[in-house]
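Enquirer: Compute the structure for the input listed below.
(one chain, ligands or ions: 3)
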Amino acid sequence: MALVTTTDMFRKAYEGGYAIGAFNVNNMEIVQGITEAAGELNSPLILQVSAGARKYANHTYLVKLVEAALIENDIPIALHLDHGADFDICKSCIDGGFTSVMIDGSKYSFEENIELTRKVVEYAHSKGVVVEGELGKLAGIEDDVNVSAADASYTQPDEVEEFVSRTGVDSLAIAIGTSHGAFKFKPGQKPQLRFDILDEVSKRLPGFPIVLHGASSVSQEYVKIIQDNGGNLADAIGIPEDMLRQAAKSAVCKINIDSDLRLAMTAGIREVLFQKPEVFDPREYLKVGRAYVKDVVAHKIKEVLGSDGKA
Ligand code: G3H
Ligand code: 13P
Ligand code: ZN
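Expert: Ligands and ions are numbered 1, 2, ... in the order given. Now for the predicted structure:
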């Protein structure tokens, strides 16, 4: 099967009350772990690549790894640019085989965000590629963006209709209390998401696909393996799974997950290296990391997203 856009996936997910997992890929083992799980569960999939991933692994290698996964797994896969910072990186991914891009203009004013997003949409649509925009600012750290909790801001529902109609975006990422990374809430703090904002946004944009970034759950099972094997990730806390299940049943059609894959991969690698210090064949530890990534993705698809059997 060839790469697809997210248009059909989102329409079916919206109507069916489930969400598509958008998983970040950085190397072969991560691509394999994710796609093997989705392939076995017959789930549609979004593989997403950040600017940092392109810097690390090289655009061509990542595209070719995803093409290999398409040969090995008979499921629809969209290849998406995560957090495109400017027109040039979006153009480069559109020209380089991606079927979907995000233009992240959330750091700009409303008008500047509209102008930039519309420019990307015009170019993308002329090439048959779809675009995700963002309104509101998530807290947390990515390679190129570091937003403090104080600077984070919820999406304002009264801005969404104008943003979508003036830009022509195909989906919209909103900020309702999720954040990037493995430390989303302080110890003792009650995790909360603003479902009232999500409801208001979806009322104003009927049938329109909404995206949740920063949606890792930070499984304590993997945090414990990391801690027990020489790591230091005390107080890592994510979004409770029941909240994500609730979101997946709503207008949220795409749920972004990266940190949970990093934790699973790290747990597998640490376990081998810490317990068997004599190991120096990378395959010995990478295969355990890859197996844990596969377990996490299978769990997400079945227990959180509900996308199994929907390919
Ligand atoms: O939202 C950000 C993703 O987790 C990607 O992170 O920029 O470090 O690759 P990265
Ligand atoms: P997490 O850090 O919660 O996995 O979020 C990933 C993300 O939003 C990628 O765009
Ligand atoms: Zn994100």
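
Enquirer: distance of the residue lying closest to Gln192 once chain neighbours are set aside from Pro240?
Expert: Excluding its sequence neighbours, the residue lying closest to Gln192 (C-beta to C-beta, 6 or more residues apart in numbering) is Gly177, at 5.8 Å. Every C-beta, even on glycine, is put in place using the N, C-alpha and C of the backbone. Here the distance between Gly177 and Pro240 works out to 12 Å (C-beta to C-beta, to the nearest Å).

Enquirer: For the two, indicate the residue with more neighbours.
Expert: Each of Gly177 and Pro240 has its neighbours counted (other C-beta atoms under 10 Å); Gly177 has more, 21 against 16.

Enquirer: ok, now which ones touch the more buried one?
Expert: Counting by C-beta atoms under 8 Å, 6 or more residues apart in numbering, Gly177 makes contact with 154, 192-194.

Enquirer: Repeat that for Tyr222.
Expert: Applying C-beta under 8 Å, 6+ apart to Tyr222 gives the contacts 260, 263-264, 266-267, 292, 296.

Enquirer: Check these and tell me the two furthest apart.
Expert: Within the contacts of Tyr222, two members stand farthest from each other by C-beta to C-beta: Thr266 and Val296, at 11.6 Å.

Enquirer: Would you mind writing the CA trace of the top strand by length along the chain as PDB?
Expert: Secondary structure of the chain per DSSP state E: the longest strand is strand 77-84. Extracted in PDB, the C-alpha atoms of strand 77-84 (Å, rounded to 0.1, in the frame of the first residue of the first chain):
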ATOM      1  CA  ILE A  77       0.100   4.900   6.900                       C
ATOM      2  CA  ALA A  78       0.400   8.700   6.700                       C
ATOM      3  CA  LEU A  79       3.800  10.300   7.000                       C
ATOM      4  CA  HIS A  80       3.600  13.600   8.900                       C
ATOM      5  CA  LEU A  81       5.900  16.400   9.700                       C
ATOM      6  CA  ASP A  82       5.600  17.100  13.500                       C
ATOM      7  CA  HIS A  83       5.900  20.800  14.600                       C
ATOM      8  CA  GLY A  84       7.000  22.300  11.300                       C
END
